[in-house]
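What follows is a predicted protein model with its sequence.
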Protein chains: 2
Amino acid sequence: MQERILDFLKRKQGYVSGDTIASRLGITRQGLWKHIQELKELGYDIVAVPHLGYRLESLPDRLFPFEVSHNLNTKFVGKRAHYFDTATSTMEIAMDLGLKGAPAGSVVIAESQTKGKGRLGRIWFSPKYKGIYLSLILRPTLLPSEASIFTLLSAVSICEALKNFAAIDAQIKWPNDIFLGQKKLGGILTELNAETDKINFIVIGIGLNVNNDKKSLISGSTSLKEHKKESVDRAGLLKEVLRRIEANYFLLEKKGSGVILDKWREHNLTLGRRVKVYCQKKHLEGEALGLDRDGGLLVRNDGGLIEKVLAGDVVHCR
Amino acid sequence: MQERILDFLKRKQGYVSGDTIASRLGITRQGLWKHIQELKELGYDIVAVPHLGYRLESLPDRLFPFEVSHNLNTKFVGKRAHYFDTATSTMEIAMDLGLKGAPAGSVVIAESQTKGKGRLGRIWFSPKYKGIYLSLILRPTLLPSEASIFTLLSAVSICEALKNFAAIDAQIKWPNDIFLGQKKLGGILTELNAETDKINFIVIGIGLNVNNDKKSLISGSTSLKEHKKESVDRAGLLKEVLRRIEANYFLLEKKGSGVILDKWREHNLTLGRRVKVYCQKKHLEGEALGLDRDGGLLVRNDGGLIEKVLAGDVVHCR
């Protein structure tokens, strides 16, 4: 009901009479008043003027599910949202929801995380109301070894959303970091639940620094606010990310991974550079030559030998 | 405490006086009597004779955790057991326990399953007290694409356990079925939870028909009892399976997958035969030539082309 009242208020620039809203929604004036109070408590700035009615002055800076679904216009991504003011980790919650059969496109959104997960067991620093901390459940028909295309697809989608929504040119550091200049803006973590020959579901986790001030950023990181010197509408950006992920997902289904890899190369920061790669068992240094079909990084060492890296940390040398 | 009382009774062939047990365990005669009653309710046939004491006549046909851990002699496999008289699916429970951090080697054992899981979303028929329905959590340091070696490792371990414990020569139909003659005795399902470049944990699910009579077997299946014309000690067999899995796991860590693949070939029913393979997107027919390093099946069609199959259903042609 609150969502429907908000819809009313958002469609009108000026005042809407309480009578009009109440009768359209089939509730009493008294009932409407109670809902309005609840919306105000959520942070919606709604003014009431006798004889004129209600007017929505401003929205709170929150990622409420009904804000995310409002004008989202996707087929399935983001249609169901699970929202937490504070979560342990959106990944943990989404993996659990996936096990319990949550449909493809379900998202878990948190305003802050106490144990935000980064790649390889690392922590993702998740200060409250500052960033986008999101996990998305998908159920593609793929082999487990093909899952990493979704890390690349998500990185591409984030770059496209930043371009469309905030006119920002971000870049991708292999395999999963979003960079702005020389600093880290965001990261992507893809987890999967699979049989050995069939993915049951994957969860894409996205962490983005949006409105962090310098003091809520760790060293080597930046935020959109730091870069643009103004706050960014988190809900609007989040929605554009979801739209781009869905669009690229359909593209992947229709045209295969090649088109995603091409887009990735356009945004990439790693290829053509001299890199050091730290893998589980060894490390190597050389030129980042290109991307393999499965998303692996091809590195040519000084002896001319080309090796493929599927996992690891990359350091860009100067 | 019940476990310790059982230990006492199992070590003695004849009667043990209540006084001896009670004083050794630091409990009262009254307390001992209560525990004995509870054990009787669990199905332990314990007789009590005045002046002589207690004697264990027979064990119930149950897979209680303290029966599984008794003389198990493994380093970590089966050290923690979660037991259910009826479970939805041991896989579902184990995947959930894995998410919550259950240690490597933890097992989930059920006497029956209402939604026993087979490969590719199929049902595993799990009548009560007839079979072994087991899921085992492992945490190997591997890439997701390497997980299928554990399906092969488990199949080998089951064949070895059947040989050691029941003097039965079972065979493996690619990729995961245990066969006795032309009939299916068991199946293996491997699920994983992973990042794209690192396995968090895998769960190996094993379903084995042990003491099923003809009426509790589906068409094309057999049980050990049908084959041997006598019941088999389920707990004993289960323990031998766990021991063999652990031994082969250590072998894999030390020597790599080659030695597991060699063992697999010794027991296999598929290689060298003419097969039809039904995959997700296509099917092919030809000779099952061999096993690839990652466990994939190499099939040579009539045109001489060799294709690798990672997933699919195999039909052995005559």
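Thanks, I have it. Residues are numbered from 1 along each chain as shown, chains lettered A, B, ... in the order given.

in terms of contact, does A:Asp177 touch A:Gly187 like I think?
Yes - A:Asp177 is in contact with A:Gly187 according to CB atoms under 8 Å; the separation is 5.6 Å. Backbone N, C-alpha and C define where each C-beta goes, glycine included.

can you list the residues of the stretch 1-150 of chain A near chain B?
Within the stretch 1-150 of chain A, the positions near chain B by CB under 8 Å from any CB of the partner chain are A:92, A:95-96, A:99, A:119-120, A:141, A:143-145, A:147-148, A:150.

can you redo the residues you listed as JSON lines with neighbour count?
Below are these laid out as JSON lines (neighbours: other CB atoms under 10 Å in any protein chain shown):
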{"residue": "A:Glu92", "neighbour count": "21"}
{"residue": "A:Met95", "neighbour count": "28"}
{"residue": "A:Asp96", "neighbour count": "16"}
{"residue": "A:Leu99", "neighbour count": "16"}
{"residue": "A:Arg119", "neighbour count": "22"}
{"residue": "A:Leu120", "neighbour count": "13"}
{"residue": "A:Thr141", "neighbour count": "10"}
{"residue": "A:Leu143", "neighbour count": "18"}
{"residue": "A:Pro144", "neighbour count": "27"}
{"residue": "A:Ser145", "neighbour count": "21"}
{"residue": "A:Ala147", "neighbour count": "26"}
{"residue": "A:Ser148", "neighbour count": "24"}
{"residue": "A:Phe150", "neighbour count": "28"}
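
okay, who's weakest in these by pLDDT?
Across those, the smallest pLDDT goes to A:Leu120, namely 72.

May I have the secondary structure class of that one?
helix (DSSP: H, G, I helix; E, B strand; the rest coil).

Please name the residues that touch the residue nearest to it when sequence neighbours are not counted.
Nearest non-adjacent residue to A:Leu120, counting by CB to CB, 6 or more residues apart in numbering or on different chains: B:Lys198, 6.4 Å away. Taking CB atoms under 8 Å, 6 or more residues apart in numbering or on different chains, we find B:Lys198 in contact with A:120, A:280, A:311, B:141, B:143-144.

what mean pLDDT does stretch A:20-34 have?
90.

Enumerate the strands of the stretch 1-150 of chain A by residue range, in sequence order.
Using DSSP state E, counting those that start in this stretch, the strands of the stretch 1-150 of chain A run over A:45-49, A:53-58, A:81-84, A:107-110, A:131-138.

Make TSV from the ones you listed and add mean neighbour count to it.
Converted to TSV, these look like this (neighbours: other CB under 10 Å):
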stretch	mean neighbour count
strand A:45-49	12
strand A:53-58	16
strand A:81-84	18
strand A:107-110	27
strand A:131-138	26
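
pLDDT score for the residue of chain A most remote from its centre?
Distance from the centre of chain A peaks at A:His51, with 42.9 Å (CA atoms, centre = their mean). Note on A:His51: pLDDT of 87.

Kindly report the same for the one 5 residues further on.
Reported pLDDT at A:Leu56 in the predicted model: 92.

ok, what's across the strand from it?
A:Ile46 (DSSP bridges).

which residues touch it?
So A:Leu56 contacts A:6, A:9-10, A:12, A:44-46 (CB under 8 Å, 6+ apart).

Up against chain B, what does the stretch 201-318 of chain A have?
So the stretch 201-318 of chain A meets chain B at A:280, A:295, A:310-312 (CB under 8 Å from any CB).

the inter-axis angle of the top helix by length along chain A versus strand A:131-138?
Using DSSP state H to define each element, chain A has its longest helix at helix A:234-255. Here helix A:234-255 points in a direction 30 degrees away from that of strand A:131-138 (axes from the mean of the first three to the mean of the last three CA atoms, to 10 degrees).

List the buried residues of helix A:234-255.
With burial defined by 16 or more other CB atoms under 10 Å in any protein chain shown, the residues of helix A:234-255 counted as buried are A:234-235, A:237-246, A:248-249, A:251-252.

buried stuff in stretch A:212-223?
A:212, A:216-217, A:221-223.

Could I get these in CSV, plus columns for distance to B:Lys263?
Converted to CSV, these look like this (distance: CB to CB, whole Å):
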residue, distance to B:Lys263
A:Asn212, 55
A:Ser216, 55
A:Leu217, 53
A:Ser221, 50
A:Thr222, 54
A:Ser223, 55
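
OK, contacts around the most centrally placed residue in chain A?
Residue closest to the average C-alpha location in chain A (CA atoms, centre = their mean): A:Ile206, at 4.4 Å. Residues in contact with A:Ile206 (CB under 8 Å, 6+ apart) are A:132-136, A:154, A:158, A:186-188, A:241.

that older thread, columns distance to B:Leu289 on top of the strands of the stretch 1-150 of chain A, output as TSV?
Formatted as TSV, these follow (distance: least, CB to CB, whole Å):
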stretch	distance to B:Leu289
strand A:45-49	71
strand A:53-58	69
strand A:81-84	49
strand A:107-110	46
strand A:131-138	36
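
which residue sits closest to the residue of the stretch 201-318 of chain A found nearest chain B in space, ignoring its chain neighbours?
At 3.0 Å from chain B, A:Ala311 is the closest residue in the stretch 201-318 of chain A, using CB to the nearest CB. Leaving out its chain neighbours, the residue that sits closest to A:Ala311 by CB to CB, 6+ apart is B:Asp197, at 3.0 Å.

Which of the contacts of A:Leu56 are buried? Put it as a ChimeraX command.
Per 16+ other CB under 10 Å, the buried members of those correspond to this ChimeraX selection:
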select /A:6,9,44,46
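
Can you tell me which of the contacts of A:Leu56 has the lowest confidence score?
A:Lys12 (79).
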